[in-house]
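**Q** mind looking at a prediction? Sequence and model below.
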Amino acid sequence: MTNALTSRSFERYKTNTTQEMNENYLTVVEDMLSEGYSFQSVRRIILSYVRQDPVVIRLYNASDQMEWEINRLTTHHMGQERGRSPNTTEEEVSVSRYSIVLGDRTIGYLDIGRRESFFLTEGDLAFKEGLQKGLIWVVMASLLTTAILAVIFSNEISRPILTIKEAAERIQKGDYKVRADESVDVSEIADLAEAINLLSSDLQAQEMLRLRLTSDISHELRTPLNVLHNQLEAFMDGVIQPTNDRLEQCLEEVIRLTALSEDLEKLTDITQYKLKLNKEKTDIHRLIADVVDGFEKGLEEKKLECQILLENKSIFANVDKHKIRQVMINLLSNAIKYTPEKGNIQIRATICGNALSIEVRDTGIGISKEDLKYIFERFYRAENSRSRETGGAGLGLAITKGIVEAHGGRIQVESTVGVGTCFSVHIPL
């Protein structure tokens, strides 16, 4: 393209220069004829102008009859000034005609012809050819440089991509501990490596949760079943008598199994989007007060102080009151379980913008940062031994989150070990 543009520039230069030289001849002829010189006198003077110019000039009178001709084309051919062959024909000459005008009258015509091959000098042609060759070398050097840089950059890009590919293949085979190198100069590849590492971490966490889920379900089922099995076997063997106390113990284990089954059913409904909400206008203050009253015995046993902070005189929200009650029961139950004696629990309800906000804050044992991001997972419990001693299958918070999200809201948690925990529920009004 550059060579084509260069050739076009040379063509424009040649055309403009030719036009300028021809118009100079025309001006000289018109000036001399206006001063009274004859056609032949004009020829002698023009001869001195065209001594170094390879041109053919013909002068015609007003009747278009040729008066004289000056032909320098043959002379320049024979002189071999350009080293070109002298067999150039007349048809190769490009002739331009100009009218000779004096006043408002045309007194003749001037034909000026040139060969294109004779127009450019040796220096012009050498410059043009040198420029074109230079451009070709520049293009070749650019292509070579581009090829080298392409190889270098492609290696820089492909090497980490291959590493990420290997990491992904290892993750596919179950090696969730593998991590891709994120120290890459290409930001997009670094982001990809980070995404792969996050995926690997999440899969590793999910695998741990899956194993823990299997273990927890096994434990939750095995404990009451073992109690029932031992009691019933002892009854059948006559080792012990089926007294009311022993039968009541068996009934408690059956109730425990039933509660676990119901919790699993609730969780299944939530995770499979089968949870149906029966929304109605609900007095949130009264709902919270009723829930707290239901835990009065548990609060008194641990000498806990429970404060209800209501910033608004009354709050009404269009919610499923039974399921929101379940949310409050789950949160308050956890607060009571994990708050030491003489601790403090605060429940705050307010309107924040266009949302109902409920906070349950306690001065309990707190939750570690490692466990904090998993507490809403089903069957997840930060401390298995303590959770089993206090009861519960680790489904309460998973159910709570499902109910809140079914209302279009969100639940958040902030916690510091040894200081306490705060659960915040936000539900659009």
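**A** Great, that's in hand.
**Q** is it true that Leu310 touches His285?
**A** Yes: the pair Leu310 / His285 is scored as a contact, 5.6 Å apart, by C-beta atoms under 8 Å. Where C-beta positions appear, they are placed from N, C-alpha and C, glycine not excepted.
**Q** next SSE after the helix or strand of the chain with the lowest mean pLDDT?
**A** Lowest on mean pLDDT, DSSP states H and E among the helices and strands of the chain sits helix 384-390, with a mean of 45. Later in the chain than helix 384-390, the nearest helix or strand by DSSP states H and E is helix 396-406.
**Q** can I get that following helix in PDB? Just the C-alpha atoms.
**A** The C-alpha coordinates for helix 396-406 follow below in PDB (Å, rounded to 0.1, in the frame of the first residue of the first chain):
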ATOM      1  CA  GLY A 396     -31.700 -24.600  61.800                       C
ATOM      2  CA  LEU A 397     -29.600 -21.900  60.100                       C
ATOM      3  CA  ALA A 398     -30.000 -23.600  56.600                       C
ATOM      4  CA  ILE A 399     -33.800 -23.500  57.100                       C
ATOM      5  CA  THR A 400     -33.600 -20.000  58.400                       C
ATOM      6  CA  LYS A 401     -31.700 -18.800  55.300                       C
ATOM      7  CA  GLY A 402     -34.100 -20.600  53.000                       C
ATOM      8  CA  ILE A 403     -37.200 -18.900  54.600                       C
ATOM      9  CA  VAL A 404     -35.600 -15.400  54.500                       C
ATOM     10  CA  GLU A 405     -34.600 -15.800  50.800                       C
ATOM     11  CA  ALA A 406     -38.000 -17.100  50.000                       C
END
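**Q** just checking, what packs against it?
**A** If contacts are counted by 3 or more C-beta pairs under 8 Å, 6 or more residues apart in numbering; DSSP states H and E, helix 396-406 sits against helix 244-271, helix 321-337, strand 410-416.
**Q** now the angle from it to strand 410-416?
**A** 140 degrees (axes from the mean of the first three to the mean of the last three C-alpha atoms, to 10 degrees).
**Q** on that earlier part again, how about the helices and strands packed on helix 396-406 in TSV, adding mean pLDDT, distance to Ser96 and mean neighbour count?
**A** Output for these, formatted as TSV (pLDDT from 0 to 100; distance: least, C-beta to C-beta, whole Å; neighbours: other C-beta atoms under 10 Å):
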stretch	mean pLDDT	distance to Ser96	mean neighbour count
helix 244-271	75	91	14
helix 321-337	90	98	21
strand 410-416	92	86	15
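**Q** using CSV, lay out these together with distance to Glu207.
**A** CSV is the format used below for these (distance: least, C-beta to C-beta, whole Å):
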stretch, distance to Glu207
helix 244-271, 19
helix 321-337, 26
strand 410-416, 23
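**Q** closest to Val93 out of those?
**A** Nearest to Val93 among the helices and strands packed on helix 396-406 is strand 410-416 (90.3 Å), distances taken as C-beta to C-beta.
**Q** so what strands line up beside that closest one?
**A** Next to strand 410-416 in the sheet, as set by DSSP bridges, lie strand 420-428 (antiparallel).
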